[in-house]
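coords below, sequence missing:
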Ligand SMILES: C[S@@+](CC[C@H](N)C(=O)[O-])C[C@H]1O[C@@H](n2cnc3c(N)ncnc32)[C@H](O)[C@@H]1O
(Lines give C-alpha, C1' and ligand atoms only; values in the text may rest on other atoms or scores of the structure.)
Protein backbone atom coordinates (compact mmCIF):
# COMPACT_ATOMS: atom_id res chain seq x y z
CA UNK A 1 0.00 0.00 0.00
CA UNK A 2 1.29 3.45 -0.91
CA UNK A 3 1.00 6.14 1.72
CA UNK A 4 0.69 9.68 0.51
CA UNK A 5 1.70 12.76 2.41
CA UNK A 6 -1.36 14.97 2.36
CA UNK A 7 -1.81 18.39 3.87
CA UNK A 8 -4.39 18.61 6.66
CA UNK A 9 -7.69 20.32 6.22
CA UNK A 10 -7.72 23.86 7.61
CA UNK A 11 -7.44 24.17 11.35
CA UNK A 12 -10.49 26.29 11.99
CA UNK A 13 -11.68 25.38 15.46
CA UNK A 14 -14.80 27.56 15.63
CA UNK A 15 -15.78 27.98 12.03
CA UNK A 16 -18.26 25.08 11.91
CA UNK A 17 -19.96 26.36 15.04
CA UNK A 18 -19.99 29.97 13.88
CA UNK A 19 -21.29 29.26 10.40
CA UNK A 20 -23.50 26.17 10.82
CA UNK A 21 -24.20 26.05 14.55
CA UNK A 22 -22.72 22.56 14.47
CA UNK A 23 -19.47 21.08 15.72
CA UNK A 24 -18.04 17.81 14.37
CA UNK A 25 -17.02 15.28 17.02
CA UNK A 26 -13.41 14.12 17.03
CA UNK A 27 -14.53 11.01 15.13
CA UNK A 28 -16.35 13.07 12.50
CA UNK A 29 -13.28 15.27 12.07
CA UNK A 30 -11.17 12.18 11.41
CA UNK A 31 -13.76 10.98 8.87
CA UNK A 32 -13.76 14.33 7.03
CA UNK A 33 -9.96 14.38 6.93
CA UNK A 34 -9.87 10.78 5.70
CA UNK A 35 -12.42 11.58 2.99
CA UNK A 36 -10.12 14.32 1.73
CA UNK A 37 -7.11 11.99 1.69
CA UNK A 38 -9.01 9.22 -0.09
CA UNK A 39 -10.29 11.59 -2.75
CA UNK A 40 -6.77 12.91 -3.37
CA UNK A 41 -5.61 9.32 -3.79
CA UNK A 42 -8.57 8.43 -6.03
CA UNK A 43 -7.90 11.51 -8.17
CA UNK A 44 -4.63 9.95 -9.33
CA UNK A 45 -6.60 7.35 -11.29
CA UNK A 46 -10.05 8.85 -11.74
CA UNK A 47 -11.11 12.36 -12.60
CA UNK A 48 -13.04 12.93 -9.37
CA UNK A 49 -12.57 16.64 -8.66
CA UNK A 50 -10.39 19.56 -9.69
CA UNK A 51 -10.63 20.91 -6.15
CA UNK A 52 -7.59 19.56 -4.31
CA UNK A 53 -6.25 22.49 -2.28
CA UNK A 54 -7.17 21.82 1.39
CA UNK A 55 -8.90 25.18 2.02
CA UNK A 56 -10.81 24.97 -1.23
CA UNK A 57 -11.78 21.34 -0.60
CA UNK A 58 -12.98 22.20 2.90
CA UNK A 59 -15.09 25.10 1.64
CA UNK A 60 -16.42 23.88 -1.72
CA UNK A 61 -16.95 20.22 -0.89
CA UNK A 62 -17.28 19.77 2.89
CA UNK A 63 -18.75 23.07 4.10
CA UNK A 64 -20.93 23.57 1.01
CA UNK A 65 -22.37 20.05 1.30
CA UNK A 66 -23.35 20.65 4.93
CA UNK A 67 -24.61 24.22 4.39
CA UNK A 68 -27.48 22.76 2.37
CA UNK A 69 -28.67 20.73 5.36
CA UNK A 70 -27.93 23.45 7.92
CA UNK A 71 -31.61 23.46 8.99
CA UNK A 72 -31.20 19.82 10.05
CA UNK A 73 -27.93 20.35 11.93
CA UNK A 74 -27.48 22.64 14.89
CA UNK A 75 -29.03 22.52 18.28
CA UNK A 76 -30.46 19.02 18.27
CA UNK A 77 -33.91 19.53 16.76
CA UNK A 78 -33.77 16.07 15.21
CA UNK A 79 -32.74 14.64 18.56
CA UNK A 80 -35.58 16.34 20.43
CA UNK A 81 -38.06 15.13 17.87
CA UNK A 82 -36.53 11.67 18.03
CA UNK A 83 -37.06 11.67 21.80
CA UNK A 84 -40.76 11.41 21.13
CA UNK A 85 -42.01 14.99 21.39
CA UNK A 86 -44.94 14.34 19.11
CA UNK A 87 -46.13 17.96 19.26
CA UNK A 88 -42.77 19.31 18.22
CA UNK A 89 -43.18 21.65 15.26
CA UNK A 90 -40.51 20.97 12.66
CA UNK A 91 -38.21 23.93 12.04
CA UNK A 92 -38.26 25.52 8.57
CA UNK A 93 -37.00 23.39 5.69
CA UNK A 94 -37.22 20.17 7.62
CA UNK A 95 -38.95 16.96 6.52
CA UNK A 96 -42.34 16.62 8.17
CA UNK A 97 -41.91 12.91 8.97
CA UNK A 98 -40.16 11.97 12.24
CA UNK A 99 -36.53 10.77 12.17
CA UNK A 100 -34.60 8.68 11.30
CA UNK A 101 -34.60 10.33 7.91
CA UNK A 102 -33.76 8.68 4.63
CA UNK A 103 -31.72 10.86 2.30
CA UNK A 104 -30.89 10.36 -1.37
CA UNK A 105 -28.18 12.20 -3.29
CA UNK A 106 -28.73 12.25 -7.05
CA UNK A 107 -25.62 12.53 -9.26
CA UNK A 108 -23.31 12.25 -6.26
CA UNK A 109 -20.06 12.03 -8.31
CA UNK A 110 -17.29 11.53 -5.75
CA UNK A 111 -19.87 11.67 -2.94
CA UNK A 112 -21.03 15.28 -2.62
CA UNK A 113 -23.08 16.35 -0.83
CA UNK A 114 -24.03 12.81 0.32
CA UNK A 115 -20.89 11.61 2.12
CA UNK A 116 -20.39 14.69 4.34
CA UNK A 117 -24.12 14.50 5.14
CA UNK A 118 -23.78 10.82 6.13
CA UNK A 119 -20.82 11.72 8.35
CA UNK A 120 -22.70 14.59 10.00
CA UNK A 121 -25.97 12.65 10.51
CA UNK A 122 -24.96 9.10 11.50
CA UNK A 123 -28.53 8.18 12.53
CA UNK A 124 -29.86 8.84 9.02
CA UNK A 125 -29.37 6.68 5.93
CA UNK A 126 -27.99 8.22 2.77
CA UNK A 127 -28.37 6.59 -0.65
CA UNK A 128 -25.81 7.80 -3.19
CA UNK A 129 -26.85 7.57 -6.84
CA UNK A 130 -24.76 8.08 -9.93
CA UNK A 131 -25.05 6.89 -13.50
CA UNK A 132 -21.26 6.41 -13.75
CA UNK A 133 -20.22 2.96 -12.56
CA UNK A 134 -16.62 4.01 -11.85
CA UNK A 135 -17.69 6.75 -9.44
CA UNK A 136 -19.95 4.43 -7.47
CA UNK A 137 -17.18 1.77 -7.43
CA UNK A 138 -14.80 4.38 -5.99
CA UNK A 139 -17.32 5.29 -3.28
CA UNK A 140 -17.93 1.64 -2.40
CA UNK A 141 -14.18 1.18 -1.96
CA UNK A 142 -13.79 4.08 0.45
CA UNK A 143 -16.86 3.47 2.64
CA UNK A 144 -15.15 0.86 4.90
CA UNK A 145 -12.15 3.19 5.33
CA UNK A 146 -14.51 5.97 6.39
CA UNK A 147 -16.27 3.61 8.82
CA UNK A 148 -19.62 4.64 7.39
CA UNK A 149 -22.38 2.06 7.75
CA UNK A 150 -25.30 4.38 7.00
CA UNK A 151 -24.58 4.75 3.27
CA UNK A 152 -26.09 2.78 0.39
CA UNK A 153 -25.01 3.09 -3.24
CA UNK A 154 -26.89 2.77 -6.48
CA UNK A 155 -25.70 2.87 -10.10
CA UNK A 156 -28.41 4.28 -12.33
CA UNK A 157 -30.15 7.20 -13.93
CA UNK A 158 -32.43 9.41 -11.89
CA UNK A 159 -35.09 9.10 -14.60
CA UNK A 160 -35.25 5.30 -14.08
CA UNK A 161 -34.82 5.20 -10.32
CA UNK A 162 -37.66 7.69 -9.92
CA UNK A 163 -40.00 5.19 -11.57
CA UNK A 164 -38.97 2.19 -9.43
CA UNK A 165 -41.40 1.37 -6.64
CA UNK A 166 -38.64 0.70 -4.08
CA UNK A 167 -37.38 4.27 -4.55
CA UNK A 168 -40.34 6.35 -5.67
CA UNK A 169 -41.96 8.28 -2.76
CA UNK A 170 -39.49 6.61 -0.42
CA UNK A 171 -37.20 9.40 0.83
CA UNK A 172 -37.48 12.26 3.31
CA UNK A 173 -34.77 14.42 1.74
CA UNK A 174 -33.43 14.41 -1.83
CA UNK A 175 -30.27 16.42 -2.49
CA UNK A 176 -28.80 17.36 -5.86
CA UNK A 177 -25.73 19.44 -6.69
CA UNK A 178 -24.25 20.33 -10.09
CA UNK A 179 -26.34 17.90 -12.13
CA UNK A 180 -28.47 20.09 -14.39
CA UNK A 181 -30.71 23.11 -14.51
CA UNK A 182 -33.14 23.63 -11.68
CA UNK A 183 -36.25 22.22 -13.37
CA UNK A 184 -34.29 19.07 -14.34
CA UNK A 185 -33.16 18.78 -10.71
CA UNK A 186 -36.78 19.16 -9.57
CA UNK A 187 -37.92 16.42 -11.97
CA UNK A 188 -35.15 14.09 -10.73
CA UNK A 189 -35.79 14.67 -7.02
CA UNK A 190 -39.50 15.31 -6.32
CA UNK A 191 -40.78 11.86 -7.48
CA UNK A 192 -38.43 10.22 -4.95
CA UNK A 193 -39.87 12.09 -1.96
CA UNK A 194 -42.55 11.07 0.49
CA UNK A 195 -45.28 13.64 0.92
CA UNK A 196 -43.88 16.34 3.22
CA UNK A 197 -40.33 15.55 2.11
CA UNK A 198 -37.80 18.11 1.05
CA UNK A 199 -35.71 18.52 -2.11
CA UNK A 200 -32.54 20.54 -1.68
CA UNK A 201 -31.08 21.94 -4.89
CA UNK A 202 -27.59 23.41 -4.52
CA UNK A 203 -26.89 26.33 -6.86
CA UNK A 204 -24.25 28.99 -7.44
CA UNK A 205 -25.96 32.06 -8.87
CA UNK A 206 -29.73 32.40 -8.86
CA UNK A 207 -32.12 35.11 -10.06
CA UNK A 208 -35.73 36.11 -9.46
CA UNK A 209 -36.47 35.28 -13.14
CA UNK A 210 -35.27 31.73 -12.51
CA UNK A 211 -37.62 31.46 -9.52
CA UNK A 212 -40.53 32.56 -11.69
CA UNK A 213 -39.61 30.02 -14.37
CA UNK A 214 -39.22 27.19 -11.85
CA UNK A 215 -42.50 27.76 -10.00
CA UNK A 216 -44.79 26.14 -12.61
CA UNK A 217 -42.47 23.15 -13.14
CA UNK A 218 -42.37 22.44 -9.42
CA UNK A 219 -46.17 22.65 -9.21
CA UNK A 220 -46.55 20.12 -12.05
CA UNK A 221 -44.34 17.73 -10.06
CA UNK A 222 -46.40 17.99 -6.85
CA UNK A 223 -44.14 20.45 -5.07
CA UNK A 224 -43.83 24.07 -4.07
CA UNK A 225 -40.84 26.33 -3.57
CA UNK A 226 -40.62 26.67 0.19
CA UNK A 227 -37.52 28.83 0.45
CA UNK A 228 -34.52 30.09 -1.44
CA UNK A 229 -31.54 30.87 0.73
CA UNK A 230 -28.69 33.05 -0.42
CA UNK A 231 -25.39 32.97 1.42
CA UNK A 232 -21.67 33.46 0.97
CA UNK A 233 -19.04 30.85 1.70
CA UNK A 234 -16.87 31.55 4.75
CA UNK A 235 -13.36 31.52 3.23
CA UNK A 236 -13.67 32.96 -0.27
CA UNK A 237 -16.97 34.84 0.12
CA UNK A 238 -18.42 33.18 -2.97
CA UNK A 239 -22.14 33.56 -3.57
CA UNK A 240 -24.29 30.42 -3.25
CA UNK A 241 -27.99 29.53 -3.15
CA UNK A 242 -29.97 26.60 -1.84
CA UNK A 243 -33.49 25.97 -3.11
CA UNK A 244 -35.79 24.08 -0.75
CA UNK A 245 -38.76 22.43 -2.50
CA UNK A 246 -41.52 20.86 -0.42
CA UNK A 247 -43.44 17.86 -1.75
CA UNK A 248 -47.09 18.69 -1.11
CA UNK A 249 -48.90 16.28 -3.47
CA UNK A 250 -48.33 13.00 -5.27
CA UNK A 251 -46.12 13.40 -8.34
CA UNK A 252 -48.01 12.33 -11.51
CA UNK A 253 -46.73 8.95 -12.75
CA UNK A 254 -45.48 10.41 -16.05
CA UNK A 255 -42.63 12.09 -14.11
CA UNK A 256 -39.72 11.64 -14.24
CA UNK A 257 -39.90 11.29 -18.01
CA UNK A 258 -37.71 8.83 -19.96
CA UNK A 259 -33.91 9.05 -19.88
CA UNK A 260 -32.67 12.24 -21.51
CA UNK A 261 -36.07 13.92 -21.89
CA UNK A 262 -35.86 16.09 -18.74
CA UNK A 263 -32.59 17.60 -20.03
CA UNK A 264 -33.65 17.99 -23.66
CA UNK A 265 -37.14 19.29 -22.92
CA UNK A 266 -36.99 20.85 -19.44
CA UNK A 267 -40.40 21.53 -17.89
C1 LIG B 1 -20.78 17.60 -12.18
S2 LIG B 1 -20.97 16.08 -11.35
C3 LIG B 1 -21.47 16.61 -9.74
C4 LIG B 1 -21.05 15.65 -8.68
C5 LIG B 1 -21.42 16.04 -7.25
N6 LIG B 1 -22.86 16.12 -7.05
C7 LIG B 1 -20.75 17.34 -6.83
O8 LIG B 1 -21.44 18.34 -6.67
O9 LIG B 1 -19.52 17.35 -6.67
C10 LIG B 1 -22.51 15.44 -12.01
C11 LIG B 1 -22.71 13.96 -11.72
O12 LIG B 1 -24.07 13.63 -11.99
C13 LIG B 1 -24.12 12.37 -12.64
N14 LIG B 1 -25.38 12.37 -13.42
C15 LIG B 1 -25.71 13.20 -14.43
N16 LIG B 1 -26.96 12.92 -14.87
C17 LIG B 1 -27.43 11.92 -14.10
C18 LIG B 1 -28.67 11.20 -14.06
N19 LIG B 1 -29.66 11.48 -14.91
N20 LIG B 1 -28.82 10.23 -13.14
C21 LIG B 1 -27.81 9.94 -12.26
N22 LIG B 1 -26.62 10.57 -12.26
C23 LIG B 1 -26.43 11.56 -13.17
C24 LIG B 1 -22.84 12.31 -13.47
O25 LIG B 1 -22.43 10.99 -13.73
C26 LIG B 1 -21.84 13.06 -12.57
O27 LIG B 1 -21.13 12.17 -11.73
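Great, that's in hand. Bear in mind the structure is a predicted one, so any value in this text is a computation, not a measurement.

tell me, how many residues neighbour residue 133?
Using other CB atoms under 10 Å, residue 133 has 10 neighbouring residues. No exception for glycine: its C-beta is placed from N, CA and C like everyone else's.

give me the local confidence score for the nearest residue to it once chain neighbours are set aside.
Nearest in space to residue 133, with sequence neighbours left out and distances taken as CB to CB, 6 or more residues apart in numbering, is residue 155 at 5.3 Å. On pLDDT, residue 155 comes in at 98.

need phi/psi at residue 155.
Backbone torsions of residue 155, given as degrees, to the nearest 10, read phi -90, psi 130.

for it, give me its contacts.
Contact analysis of residue 155 by CB atoms under 8 Å, 6 or more residues apart in numbering lists 129-133, 136.

mind doing that once more with 7 Å?
Contacts for residue 155 (CB atoms under 7 Å, 6 or more residues apart in numbering) come out as 130, 133, 136.

and the helix of greatest length in the chain, what does it pack onto?
Longest helix of the chain, by residue count under DSSP state H: helix 26-43. Contacts defined by 3 or more CB pairs under 7 Å, 6 or more residues apart in numbering; DSSP states H and E place helix 26-43 against helix 114-120, helix 133-146.

quick one: the last one to helix 26-43, angle?
Angular relation of helix 133-146 and helix 26-43 on a 0 to 180 degree scale: 140 degrees, by axes from the mean of the first three to the mean of the last three CA atoms, to 10 degrees.

next one: helix 133-146 to chain centre, how far?
Using CA atoms, centre = their mean, to the nearest Å, the distance from the centre of helix 133-146 to the centre of the chain it belongs to is 17 Å.

cool, and the shortest one?
For helix 114-120, the gap between its own C-alpha mean and the chain's C-alpha mean amounts to 8 Å (CA atoms, centre = their mean).

return the most buried member of the helices and strands packed on helix 26-43.
When those are scored by mean count of other CB atoms under 10 Å, the highest mean neighbour count falls to helix 114-120 (a mean of 26).

tilt between the helix or strand following that helix and helix 133-146?
Sequence-wise, the next helix or strand downstream of helix 114-120 (DSSP states H and E) is strand 125-130. Per the same axes, to 10 degrees, the angle that strand 125-130 makes with helix 133-146 is 150 degrees.

now for strand 125-130, which elements pack on it?
Using 3+ CB pairs under 7 Å, 6+ apart as the test, strand 125-130 ends up in contact with strand 102-106, helix 114-120, strand 151-155.
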